[in-house]
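**Q** Sequence and computational prediction follow.
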Amino acid sequence: SFDGTPVSSLLFRPRAPAAAAVARVPLLVVIHGGPAAQARPSFSWRVQYAAAVLGIGVLVPNVRGSTGYGKTFMAADDGAKRDGAVRDVGALLDHVRAHVDWVDHTRVALKGGSYGGFMVLAACIRYGASHHIRCALETVGITNFVTFLENTSGYRRDLRRAEYGDERDADMRAFLLRLSPLTRAAELRTPLLVAQGMRDPRVPASESAQIVERVRGNGRACWYL
């Protein structure tokens, strides 16, 4: 990655005939939630549909904070180190551009849910133009870490504070607000599809509603399901 940290990913290449008609194919990047989770080489009908039927390459990274690579790696995105995980996405796209000749690097899409939804929004803000991110799907994503921590179910609030930072601390609160996609929504120019469950006890519906309102208010394309 950007700082020399090894970051693994699963890369799925479409089979012929879906990809036979074109020299290069679009790339879908699927970012898992958690962040304490891990993308593994198990069957996913979504990945297989994208690759086998739609003819799209699929990249599934395990950015810093993922499990399975040791405690140091899992804690490498805690608190004020959160931005490192977003920078991992840019580094992975740079690596694919340099080493994978069957991907059309001008047609990239991002997909992720929950924490992965935050990652999608943050990556679109930082890399949307420079890395040709044409569209994005974020599901039940965290859009403002402060409002998320204040409104998530009480049974898990302290657990999430240990991961993201304690919004009650003035310095951490200011950092979390700077980090949050809602704060930087004016920089979000990628066409966006947002999906949300209205009774989600973990990431409340208000997280999706506020980013949709802000993005639409800025005159950008945003669909809400």
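**A** Thanks, I have it.
**Q** Do you know the pLDDT at the closest residue to Ala123 other than its chain neighbours?
**A** Closest residue to Ala123 apart from its sequence neighbours, by C-beta to C-beta, 6 or more residues apart in numbering: Val89 at 4.5 Å. Bear in mind the C-beta positions are built from the backbone N, C-alpha and C, glycine included. Looking at Val89, its pLDDT is 95.
**Q** what does the one 4 residues further on give?
**A** Looking at Leu93, its pLDDT stands at 95.
**Q** Does anything pack onto the host helix or strand of it? Which helices or strands?
**A** Assigned by DSSP states H and E, Leu93 belongs to helix 83-99. If you count contacts as 3 or more C-beta pairs under 8 Å, 6 or more residues apart in numbering; DSSP states H and E, helix 83-99 packs onto strand 25-31, strand 57-61, strand 103-113, helix 115-127.
**Q** got the contact list for that helix?
**A** 1-3, 5, 7, 9, 11, 27, 29, 31, 35, 59, 61, 63-65, 76-77, 103, 105, 108, 110, 119, 122-123, 126-127, 131, 179 (C-beta atoms under 8 Å, 6 or more residues apart in numbering).
**Q** Give me the three-state assignment for Pro35.
**A** Of the three states, Pro35 takes coil under DSSP: H, G, I helix; E, B strand; the rest coil.
**Q** Could you pull up the residues touching it?
**A** 63, 65-66, 77, 85, 115, 163.
**Q** Now do the same for it: its pLDDT.
**A** 87.
**Q** That one and Glu163: what is the separation?
**A** From Pro35 across to Glu163, the span is 7 Å (C-beta to C-beta, to the nearest Å).
**Q** and what of Thr139?
**A** In terms of C-beta to C-beta, Thr139 sits 19 Å off from Glu163.
**Q** Between these two, which is the more surrounded one?
**A** Thr139 (21 against 17; other C-beta atoms under 10 Å).
**Q** what's the burial count for the nearest residue to that one once chain neighbours are set aside?
**A** Of all residues not flanking Thr139 in the chain, Gly113 sits nearest, at 3.7 Å (C-beta to C-beta, 6+ apart). Other residues near Gly113 number 21, with proximity taken as other C-beta under 10 Å.
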